[in-house]
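Q: Quick one, what's the 3D model for this:
(2 chains)
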Number of protein chains: 2
Amino acid sequence: MPTLRLALSQVNPSVGDLAGNAGLVRRWTRTAADAGAQLVLFPEMVLTGYPVEDLVFRRSFVAASQAALRRLAADLAADGLGGVPVVVGYLDADGPPQVSSDAEPGRGARNAAAVLHGGEVVATYFKHHLPNYGVFDEDRYFVPGDALTVVRVGGADVALTICEDMWQAGGPFAAARQAGVGLVVTINGSPYELNKDDIRLPLVRRRAAEAGAAVAYVNMVGGQDELVFEGDSLIVGADGTLLARAPQFVEHLLVHDDELPAAEGRGGDAAMAGGAAPAGGELAAGMRIVRATVGDVPPAPGGAAAVGGIIEPVADEAEVWQALVLGLRDYVDKNRFPSVVLGLSGGIDSAVVAALAVDALGPDRVVGVSLPSRHSSEHSRADAEDLAKRTGLDYRVEPIQPMVDTFLANMSLSGVTVENLQARVRGVILMALSNQEGHLVLTTGNKSELAVGYSTLYGDSVGGFNPVKDVWKTLIWRLAKWRNADAARRGETPPIPENSIGKPPSAELSPGQLDSDTLPDYDVLDPILIGYVDGDLGRTGLVESGHDPAVVDRVLRMVDTAEYKRRQSAPGTKISMKAFGRDRRLPITNRWREDG
Amino acid sequence: MPTLRLALSQVNPSVGDLAGNAGLVRRWTRTAADAGAQLVLFPEMVLTGYPVEDLVFRRSFVAASQAALRRLAADLAADGLGGVPVVVGYLDADGPPQVSSDAEPGRGARNAAAVLHGGEVVATYFKHHLPNYGVFDEDRYFVPGDALTVVRVGGADVALTICEDMWQAGGPFAAARQAGVGLVVTINGSPYELNKDDIRLPLVRRRAAEAGAAVAYVNMVGGQDELVFEGDSLIVGADGTLLARAPQFVEHLLVHDDELPAAEGRGGDAAMAGGAAPAGGELAAGMRIVRATVGDVPPAPGGAAAVGGIIEPVADEAEVWQALVLGLRDYVDKNRFPSVVLGLSGGIDSAVVAALAVDALGPDRVVGVSLPSRHSSEHSRADAEDLAKRTGLDYRVEPIQPMVDTFLANMSLSGVTVENLQARVRGVILMALSNQEGHLVLTTGNKSELAVGYSTLYGDSVGGFNPVKDVWKTLIWRLAKWRNADAARRGETPPIPENSIGKPPSAELSPGQLDSDTLPDYDVLDPILIGYVDGDLGRTGLVESGHDPAVVDRVLRMVDTAEYKRRQSAPGTKISMKAFGRDRRLPITNRWREDG
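A: Predicted coordinates for the structure are as follows:
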């Protein structure tokens, strides 16, 4: 039984930054080689970053990815690392990308994996199952592969797979069993969702059973636009035993010795050298099997066996907090913003966003602005100031009343219009600070508010990034309490004033206003919203779940109305293939330029 | 040779309005029957509207569509129209919609067509080719059908197909040839794009040749969110002759007698009555053939043959103008806004949008507001006032200087920040008018400006709908000249002041400012933008097309920078299956409520 020392490189690439990502692979391969690794694995599309979206349609980008892969193989060899086989994800194509209905089956862009060894690309694999739900649009961008690549490494047969290949039964894992491999490698860009870690391990175990082989699962880490990749890389034995598991939300090199069954004869290593597939065309589970052999790999390391260790996933609140911190930090840093600015109302939402920002960037890169009006209570200003003291952020006060009064003196406005006017003057002030000083404006509306439209378009919705846009209000409170308790546990100052957590929520746009004047209690509202928005339940389903029909009707009407309002800042009539907005899907973090 | 009187109903449904759309089918079927029609055709998903996007995931919506179809069949019979076979598009499903990776092949939601006759659904067809590019995401929503439905109507065999089935070679049209049909019906929701009409007719001719049969192509008309459906329904003979063609951009009933080959024996009408498929399982071009027969159809009408006539498509500028008018009118009316408001700068963009709005809604539903600052020239105000006189819209003046001065007195702002401040104060004023009086705010930024980021986020980008967001600046000028010339030709007052067309463009946010201080001339800029944005060309491709490399570099850098800015009002970190924004794709015009 050969033992293979695996190194799973849970790294954080940036979309479009081909040179930077290649550098990441070289640095981590060096560390892995120093640890005696015999096979080093990197995540899905590590070379281009993920997801690249409409960059796929730029032929020059596809060509740049292909060239970067070849250069990386040569550079690794030049670094003295040519002897270590390295698996990297990249963007490939065997024809022009398919943009239209004229798609030719089997041609076009590929979500690909390559094995680099001896300065060359010795094997490639094209993703077979393409996800096209939720955040995924891969049927739009890629054509599926129809072959399973099996590489002989250090006496063991290793199959390559990519992400979704693991989430669907059949296909590559079934083919891997018939091909008789000892290990299936799966490289991933698997976006974080609450509790996804709880289904990941059972799924990897099922696939190990399906393939009758060990599975090495390496996942990306880091934030990319709206997505967070959580890591949580792991290795499972053929019998389903969890052998090693990396932490969530941080870069990590998981090095572990894996005992694998010896590869069977099938022509022997000598006959297979050079990566040529055997003639005849082996087939398994409907897929062609393409075999290659990596010639010399580093000898089995002496000394103690490498043990990757098993890190237990963290609890829900900690997991969400870390995801939000990482998503915010990477959005700010990958887009090269020096700092952020946000309005501090003294309420819970802005307090939580401020605490997240300070955790992500440090207090010196966070500006908090109190924007009091004549309706702002004394406790609001005091709570905002208390937050600033606790976190150490840069605190300012910009009263809005003079500007509001000038609008009121020059126009004839009343009622809700005046409420919205105050929120919009705040937005203008925050954007002016952003323009003048370079900060990114953070928005602080929670998902419950967004869902029912309890906010001002171009007012409190003004901002470049909203760390809590997908966090229900009741979870906001849980996060605040968890963060404070966690600080207390570590002997630090809890960042969020207890007042902000305890007081009844208010927009403070008219005298004595409370959220509960307009909305049901959040303990009642959130479960209905979760069923309607996240669960696609209708009225009947919600009432059957035990919710009061009158409240359900009221909430659904608010959500349907808000659905418009939210979408009112985007649309216009489309007359071409590539209108901005709906049709044009480019990643926000675009570090790639053809000339650069 | 039987002659079949076809009625192609080019109608304008609304997404989600099942009752309203069913009413539309009943009214138009009545008119068609009065004209002696023997087969009445309605567009793709006419019953639900198109596209329904994530409404597909509401089981109650799918069930409502299925129930509405059965009710429509019964209501047509109750109307005394049961004898006329009617083809309607609707949403069907043979299992729960497929939302995740657990999709079971062959189950889930269907983009469907039904033949209604005698109070019943006598045949159904499921769309075979699902488009998943551009504005289409049908792989996300539907599973493809694998059978071709052939219906015997009045002695002729008629195959049913849906939209994309026609845009790809192979599949249903090849199967139709082998099944020996005389007519292929294709029902469509085909979104308008500039010049699409020029490729539609040749395509229908190719498919007629492929099927060896006449083709009746019926398309939806009307605006839905960002999409415009243009109509342009047509009938082509088996030999490729254009027999009849409906106008673009208006509802129309195209009634035409089509001579078709008599259906062959295949068991005869009697044996096939009731819509049962023959045992045995006929196969053609990889698809199952399902045959049904419509029992009694109305007798061949006496008198003169019905001739649909051939309307020639209009020229480019007229076509775009009509598309923009229709898109704006339906956005406003389907969302039930009473009126629109926009800022009038005296420049060309706001003048064109105002003229479009007056054409779409009439002058009584359009409010134009001059928002002068100390940098506004005298001619700007005069040109805005001239436009108001020419069009008859509701004209107001709201000077912004008092509000701008209050901001400047209370904050320390300079440079571009002050320019943006003026645009944002204008945005606040327009939104206040919207809140106070109920108007939808129209935005007027053209596609060239949007592409290079020559606009103020939360300033001139404030608004609910932008009719010209997909119109390059050079096309804005062409449209203005065309609209004025067209008015002159008809002896009407040209709506757009010649001054607005002729003067050099300026944002007027600082003294003497001109667009040309910052941007290349639009005659140089637009061709580069069209190559980069619409054509996905890179730098090399653009330089090879003859553009100055230095200008290309400058423009590409602006677009890449703007790509961020434009996307800065949306994102936040996602932690669930259905975050607002990227993950949740509901149509804006949502008239469906489970309880209503």
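
Q: so where is the stretch 201-350 of chain A shaky, pLDDT-wise?
A: Applying pLDDT under 70 to the stretch 201-350 of chain A flags the ranges A:265-280.

Q: give me the residue from it nearest chain B.
A: Nearest residue of the stretch 201-350 of chain A to chain B, counting by Cβ to the nearest Cβ: A:Gly327, 3.4 Å away. Yep, even glycine has a C-beta here, placed from its N, CA and C like the rest.

Q: from what I can see, that residue looks like it's in a helix, true?
A: Yes: with DSSP: H, G, I helix; E, B strand; the rest coil as the criterion, A:Gly327 is located in a helix.

Q: and the residue nearest to it when sequence neighbours are not counted, what does it touch?
A: Using Cβ to Cβ, 6 or more residues apart in numbering or on different chains and skipping the chain neighbours, the partner closest in space to A:Gly327 is B:Thr573 (3.4 Å). B:Thr573 makes contact with A:223, A:226, A:228, A:323-324, A:327-328, A:331, A:467-470 under the criterion Cβ atoms under 8 Å, 6 or more residues apart in numbering or on different chains.

Q: Name the residues of the stretch 201-350 of chain A found near chain B, please.
A: The stretch 201-350 of chain A comes close to chain B at residues A:223, A:225-228, A:320, A:323-324, A:327-328, A:331, A:335, as judged by Cβ under 8 Å from any Cβ of the partner chain.

Q: what would the contacts of B:Thr573 look like in JSON lines with secondary structure and neighbour count?
A: JSON lines is the format used below for the contacts of B:Thr573 (DSSP: H, G, I helix; E, B strand; the rest coil; neighbours: other Cβ atoms under 10 Å in any protein chain shown):
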{"residue": "A:Gly223", "secondary structure": "strand", "neighbour count": "27"}
{"residue": "A:Glu226", "secondary structure": "coil", "neighbour count": "24"}
{"residue": "A:Val228", "secondary structure": "strand", "neighbour count": "27"}
{"residue": "A:Ala323", "secondary structure": "helix", "neighbour count": "25"}
{"residue": "A:Leu324", "secondary structure": "helix", "neighbour count": "26"}
{"residue": "A:Gly327", "secondary structure": "helix", "neighbour count": "30"}
{"residue": "A:Leu328", "secondary structure": "helix", "neighbour count": "27"}
{"residue": "A:Tyr331", "secondary structure": "helix", "neighbour count": "27"}
{"residue": "A:Pro467", "secondary structure": "coil", "neighbour count": "25"}
{"residue": "A:Val468", "secondary structure": "coil", "neighbour count": "29"}
{"residue": "A:Lys469", "secondary structure": "coil", "neighbour count": "25"}
{"residue": "A:Asp470", "secondary structure": "coil", "neighbour count": "29"}
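
Q: Next, the buried residues of stretch A:495-509.
A: A:495-497, A:499-501, A:503, A:505-509 (16 or more other Cβ atoms under 10 Å in any protein chain shown).

Q: Return the closest of these with respect to chain B.
A: A:Leu509 (12.5 Å).

Q: pretty sure the closest one is touching A:Thr417, no?
A: No: the criterion here is Cβ atoms under 8 Å, and A:Leu509 misses it with A:Thr417 at 10.9 Å.

Q: State the pLDDT value of the residue nearest to A:Gly327.
A: For B:Thr573, the pLDDT comes out at 72.

Q: Run through the residues that contact the residue most central in space within chain A.
A: Central residue of chain A (Cα atoms, centre = their mean): A:Val228, 2.1 Å from the mean position. Taking Cβ under 8 Å, 6+ apart, we find A:Val228 in contact with A:191-192, A:222, A:249, A:323, A:326-327, A:330, B:573-575.

Q: make it 7 Å
A: A:191-192, A:323, A:326-327, B:573 (Cβ atoms under 7 Å, 6 or more residues apart in numbering or on different chains).

Q: Test of understanding: give the bridge partners of it.
A: Here A:Val228 sits in beta bridges with A:Gly223, as judged by DSSP bridges.
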